[in-house]
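Engineer: everything below, folded, please.
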Amino acid sequence: MASAADNNAGAASVALKVGMWMAVSAACFAVLVGIVRFLSAEMDVFVISFWRNCFAVLIFLPWLVRVGPAALKTRRIGTYLVRSTFMVVSSTLLFFSVVLMPIGEATALSFTTPLFTTILAVLVLRETVGLRRWSALVIGFAGVLIMLRPGVAAFDPAAILVILSAISFAAVVVIAKMLAATESPELIVVYLSLFSIPLSLVPALFYWQWPNGEQFLWLVALGAMASGNMYGISRALQIGDASLSQPFDFFRLPMTALVGYFYFQEVLDIWVWVGAAVIFASAAYVTHREALKRRRPTA
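Structural biologist: Predicted coordinates:
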C-alpha cells in the first residue's frame with residue numbers, strides 16, 4: 001500500500017511540475033500576443049515579426065560559441081529552409097490575427113494545430129491513423145465550426161488567418177519529425193531561428209521603420225516572452241510526456257482572455273469558450289493517442 005501511495009504522490013508531483021511550467025509558458029504567450037497588439041498601433045506586423053526572430057537567435061549564441069561552426073554541418077539545408085519558411089508564415093499570420101480579432105479567440109482557434117498535424121502526418125509521413133483518432137479529428141473540427149459559426153453575422157474573417165497559421169505550424173511540426181531522423185534537436189531549433197531572420201526581413205523591408213527607445217524595450221520584452229514561452233514548454237516536456245502537458249496548454253486561453261479584457265476591453269462570448277473546449281478535448285485525445293503509439297514499440 002505504501003508503494004502505491006508513493007507512486008501516486010510521485011505522479012501528482014510530476015503533474016504539478018508540468019502544470020507549473022505550462023502555466024509559465026501560457027503566461028508568456030499571453031503577454032507576447034498582448035505586446036504584438038500594442039506595438040501594432042505604430043509598427044507594421046512584418047517589422048515586429050522580424051525583430052522577434054532576431055531576439056530569438058540571441059538565445060542560441062552561447063551554444064554556438066561553445067560548439068563552434070562545425071556543429072552546423074548538415075546535408076539537409078533545403079529541408080531546414082522549407083521548415084523556416086512555414087514558421088515565418090505561421091508566426092506572421094498569427095500576429096496579424098491578434099491585431100485584427102480578439103486575442104483570446106485567436107488563441108482558442110490555434111488549438112487546432114494538433115489536428116492539422118495529424119492530417120499532414122498521414123499525407124506526408126504515411127502514418128496510420130485509427131478510427132478513434134479520426135473521430136477525434138472530426139469532433140475537433142466541429143469545435144471550429146462552433147466558434148466560427150458559418151453564415152452568422154458575428155463571423156470574423158480574420159479567423160481564417162489563425163486557421164492558416166495552425167496549418168503552417170503543423171507543417172513545421174511534421175518537417176521536424178522528418179529532420180529528427182538524422183539531425184540533433186539543437187541543430188533543428190537553431191536553423192529554424194537562423195533562417196527565419198532573412199526570410200522575415202524581406203517583407204519587413206517594404207514597411208521598414210527603426211524602433212524608437214520605448215519600442216525597442218517592448219521588442220526586447222517580446223523576445224523574452226517568446227523565449228519564456230518555448231522554455232516553459234521544453235521544461236514541461238522534460239518532466240513529463242506530451243500527453244501530460246497537452247491538457248495544461250488550455251491555460252493559454254484564460255490568460256490571453258485576461259490580457260484582452262484588462263488591456264484591450266475584449267470580452268469573449270460563450271460560443272468561443274464552448275468551441276475552444278471541444279477543440280481542446282479533441283487535440284488532447286489525439287496527443288494522448290500519439291504518446292501511446294510511441295510507447296508501444298518500447299513496451
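Engineer: which SSE is the residue nearest to Phe169 when sequence neighbours are not counted in?
Structural biologist: Nearest residue to Phe169 in three dimensions, chain neighbours excluded: Ser90, at 4.2 Å (CB to CB, 6 or more residues apart in numbering). Yep, even glycine has a C-beta here, placed from its N, CA and C like the rest. Element membership for Ser90 (DSSP states H and E) is helix 77-100.
Engineer: by contact count, what packs against that helix?
Structural biologist: helix 2-39, helix 45-58, helix 103-109, helix 159-179, helix 185-205 (3 or more CB pairs under 8 Å, 6 or more residues apart in numbering; DSSP states H and E).
Engineer: rounded mean pLDDT for the fourth one, please.
Structural biologist: For helix 159-179, the per-residue pLDDT values average out at 86.
Engineer: picking that back up, count the residues that sit near the residue nearest to Phe169.
Structural biologist: Around Ser90 sit 21 other residues, with neighbours defined as other CB atoms under 10 Å.
Engineer: repeat for Gly275
Structural biologist: 23.
Engineer: for the host helix or strand of it, the averaged confidence score.
Structural biologist: Remark: Gly275 resides in helix 270-298, with elements defined by DSSP H and E. Mean pLDDT, helix 270-298: 69.
Engineer: now stretch 259-267
Structural biologist: Per-residue scores along stretch 259-267 average to 84.
Engineer: hey, C-alpha coordinates of it in CSV?
Structural biologist: C-alpha atoms of stretch 259-267 as CSV (Å, rounded to 0.1, in the frame of the first residue of the first chain):
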residue,chain,number,x,y,z
VAL,A,259,-4.9,40.2,-21.2
GLY,A,260,-7.5,41.1,-23.8
TYR,A,261,-10.1,42.1,-21.1
PHE,A,262,-7.9,44.3,-18.9
TYR,A,263,-5.8,45.9,-21.6
PHE,A,264,-8.0,45.9,-24.8
GLN,A,265,-11.5,45.7,-23.3
GLU,A,266,-12.2,42.4,-25.2
VAL,A,267,-14.9,40.0,-24.0
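Engineer: can you give me the buried ones in it?
Structural biologist: 259-260, 266 (16 or more other CB atoms under 10 Å).
Engineer: contacts for that stretch next, please.
Structural biologist: Residues outside stretch 259-267 that contact it (CB atoms under 8 Å, 6 or more residues apart in numbering): 30-31, 33-34, 37-38, 102-104, 257, 268.
Engineer: identify the farthest-apart pair in those.
Structural biologist: With CB to CB as the measure, no two of the contacts of stretch 259-267 lie farther apart than Phe38 and Leu268, at 19.1 Å.
Engineer: of these two, give the one with the bigger neighbour count.
Structural biologist: Between Phe38 and Leu268, Leu268 has the larger neighbour count (other CB under 10 Å), namely 21 against 16.
Engineer: now the more buried one, what are its backbone angles?
Structural biologist: phi -90, psi 140 (degrees, to the nearest 10).
Engineer: which residues touch it?
Structural biologist: Counting by CB under 8 Å, 6+ apart, Leu268 makes contact with 102, 104-105, 108, 257, 260.
Engineer: how much space between it and Leu201?
Structural biologist: Going from Leu268 to Leu201 by CB to CB, to the nearest Å gives 35 Å.
Engineer: now a PyMOL select for only the buried ones of the contacts of stretch 259-267.
Structural biologist: The PyMOL command for the buried members of the contacts of stretch 259-267 (criterion: 16+ other CB under 10 Å) is given here:
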select buried, resi 30+31+33+34+37+38+102+103+104+257+268
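Engineer: how about Ala27, what does it touch?
Structural biologist: 228, 251, 255.
Engineer: out of those residues, which is most surrounded?
Structural biologist: Neighbour max across the contacts of Ala27 (other CB under 10 Å) = Met255, 22 neighbours.
Engineer: so where does it fall, helix or strand?
Structural biologist: Per DSSP H and E, Met255 falls inside helix 252-264.
Engineer: can you check Ala181 too?
Structural biologist: Per DSSP H and E, there is no helix or strand for Ala181.
Engineer: my read: the residue nearest to Phe169 touches Val173, true?
Structural biologist: No. Look at Ser90 against Val173 with CB atoms under 8 Å: they stay out of range, at 10.1 Å.
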